[in-house]
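> Quick check, what structure comes out for this input:
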Amino acid sequence: MLYPGFVSESPTFPRPGFYEFFCGGGMARVGLGAAWRCLFANDYDPRKALSYVDNWGERDLRRGDIAALTSADLPGAADLAWASFPCQDLSLAGAGAGLSGARSGAFWGFHALMRELTREGRAPKIIALENVLGALTSKGGADFTALCRALDGLGYRFGALTIDAAHFLPQSRPRLFLVALGDDFCPPEHLTAPAPRAAFAAPALRRAAARLPPSLAERWIWWRLPEPPRANLALVDCLDDDPEDAPWHAAEETRAFLAAMSKASLRDLAAARARGARQVGALFRRTRPDGAGGAKVSAEARFDGLAGCLRTPAGGSSRQFLIEVEGEATRSRLIGAREAARLMGLPESYRLPARRNDAYRLLGDGVAAPVVRYLSDHLLLPLLAAPSRAARQRLRARRA
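The predicted structure follows:
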């Protein structure tokens with residue numbers, strides 16, 4: 001059964017086409033929606049590929065290492081190449097290998113494919129890269145400069161936005177989106193701005209852009225988008241009463257969480273209890289070396305209606321829990337897989353892996369679908385209307 005957002009191609013009304021690299025379960029495809037048609041998708045992970053096939057079918061998917069692909073594997077000419085390349089070596093929780101790391105370095109396989117397409121005259125009009133905010137500061141900012149230089153070398157102008165999924169969903173998930181437009185096209189004036197807008201330019205992005213060398217700074221674009229919406233959901237709206245895959249903990253396990261809480265979290269917990277009515281918060285358990293060969297466990301809770309950033313089961317703060325209080329009554333449990341899917345903006349019809357940890361891994365590595373939809377509606381699709389420089393020159397000639 002294919003994901004219900006799938007729309008068959010119509011020769012009368014062709015839709016723009018896209019390639020989706022590092023596709024996971026196709027969450028960028030969910031966000032792009034029926035306005036786009038997928039020409040090709042690729043992921044290395046066999047379990048994620050199974051989820052992709054379960055939701056979209058296998059026609060568009062090629063599983064395997066992106067470094068082993070060639071331009072001959074890519075059909076047609078895409079309007080957009082989307083790449084949510086691995087973040088582990090760029091993340092603040094990672095080991096700091098950056099773009100030279102075995103995982104985040106997979107970007108260079110993507111770059112090689114784009115270079116081949118450029119040589120063949122099949123370069124996508126738009127390239128969109130998505131990653132964690134750590135990409136802005138990795139290697140003291142050198143990795144971000146390397147990304148910009150790579151896009152410049154392919155013949156693209158570029159700009160970046162930082163967007164938090166919390167504008168759309170009850171999950172705090174800030175991410176970097178680097179959007180590049182081919183040199184042959186002129187961005188419409190209403191999509192560019194002389195200076196960054198606070199809603200889309202975290203201080204780290206402003207500093208990273210300011211560090212670019214003059215040759216790259218000349219290629220930089222501050223994209224102009226409308227103010228992001230306010231999420232109309234709270235964490236509690238995404239939860240089930242008693243999910244089968246996330247039963248409530250025994251009382252002693254909840255007490256262990258409380259004993260590990262920071263002073264600030266205990267104050268927030270006391271304030272939630274004082275409200276009397278049922279309150280549900282997100283709870284993180286962190287395990288860190290204690291410097292003596294052992295491990296120290298700490299817990300932090302938030303009651304602001306948001307979940308923290310979902311991560312994979314291998315992440316440093318990967319396991320996210322819920323804590324429910326009503327007066328003095330307190331209980332806790334894991335976030336269920338379907339609940340996590342809602343926090344990523346996936347519809348109920350989206351098929352998740354049967355194993356909970358496989359679902360966590362798929363979702364923690366994914367991109368929030370409503371953020372992709374927002375970018376598509378307000379930047380990517382409008383950019384496709386950008387006239388080529390040759391077309392502008394012909395128009396000027398006619399007017400003259």
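
> Roughly how far does the residue most central in space within the chain sit from Ala83?
Taking CA atoms, centre = their mean, the centroid of the chain lies closest to Val367, which sits 2.9 Å from it. The gap separating Val367 from Ala83 is 11 Å, by CB to CB, to the nearest Å. Placement of C-beta: from N, CA and C, glycine included.

> for Asn357, same thing?
Relative to Ala83, and taking CB to CB, Asn357 is found at 25 Å.

> Neighbour count: those two, which is higher?
The residue with more neighbours, out of Asn357 and Ala83 and counting by other CB atoms under 10 Å, is Ala83; that gives 25 against 15.

> so where do the helices sit in the chain?
27-32, 46-56, 107-119, 142-154, 203-211, 214-217, 251-260, 263-274, 337-343, 356-364, 369-375, 381-384, 389-399 (DSSP state H).

> Mind listing what's buried along the second one?
To tie it back to what came earlier, the one meant is helix 46-56. Neighbour-count burial for helix 46-56 flags Arg47, Lys48, Ala49, Leu50, Ser51, Tyr52, Val53, Asp54, Asn55, Trp56 (criterion: 16 or more other CB atoms under 10 Å).

> Likewise for the third one?
Neighbour-count burial for helix 107-119, counted by 16+ other CB under 10 Å, picks out Phe107, Trp108, Gly109, Phe110, His111, Leu113, Met114, Arg115, Glu116, Leu117, Thr118.

> OK, contacts around the closest residue to the second one other than its chain neighbours?
Looking back up the chat, that one is Trp108. Closest residue to Trp108 apart from its sequence neighbours, by CB to CB, 6 or more residues apart in numbering: Leu99 at 7.3 Å. Counting by CB atoms under 8 Å, 6 or more residues apart in numbering, Leu99 touches Asp89, Leu90, Gly105, Phe107, Trp108, Ser138, Lys139, Asp143, Ala146, Leu147.

> buried subset of the residues you listed?
The buried subset of those (16+ other CB under 10 Å) comprises Asp89, Leu90, Gly105, Phe107, Trp108, Ser138, Asp143, Ala146, Leu147.

> from these, which two are the most distant?
With distances taken as CB to CB, the most widely separated pair in the buried ones among the contacts of Leu99 is Trp108 and Ser138, at 14.5 Å.

> any weak-confidence spans in the stretch 301-400 of the chain?
Applying pLDDT under 70 to the stretch 301-400 of the chain flags the ranges 314-318, 390-400.

> ranges for the strands of the stretch 201-350 of the chain?
222-223, 279-289, 295-302, 320-326, 329-334 (DSSP state E, counting those that start in this stretch).

> List the pairing partners of the fourth one within its sheet, with orientation.
Think strand 320-326. If you go by DSSP bridges, strand 320-326 pairs up with strand 279-289 (antiparallel), strand 329-334 (antiparallel).

> Looking at these, which is nearest to Ala77?
That would be, of those and by CB to CB, strand 279-289, which comes in at 43.8 Å.

> Give the buried residues for that closest one.
Buried residues in strand 279-289 (16+ other CB under 10 Å): Gln279, Val280, Gly281, Ala282, Leu283, Phe284, Arg285.

> Stretch 344-361 now?
Applying 16+ other CB under 10 Å to stretch 344-361 flags Met344, Gly345, Leu346, Tyr350, Arg351, Leu352, Pro353, Arg356, Asp358, Ala359, Tyr360, Arg361 as buried.
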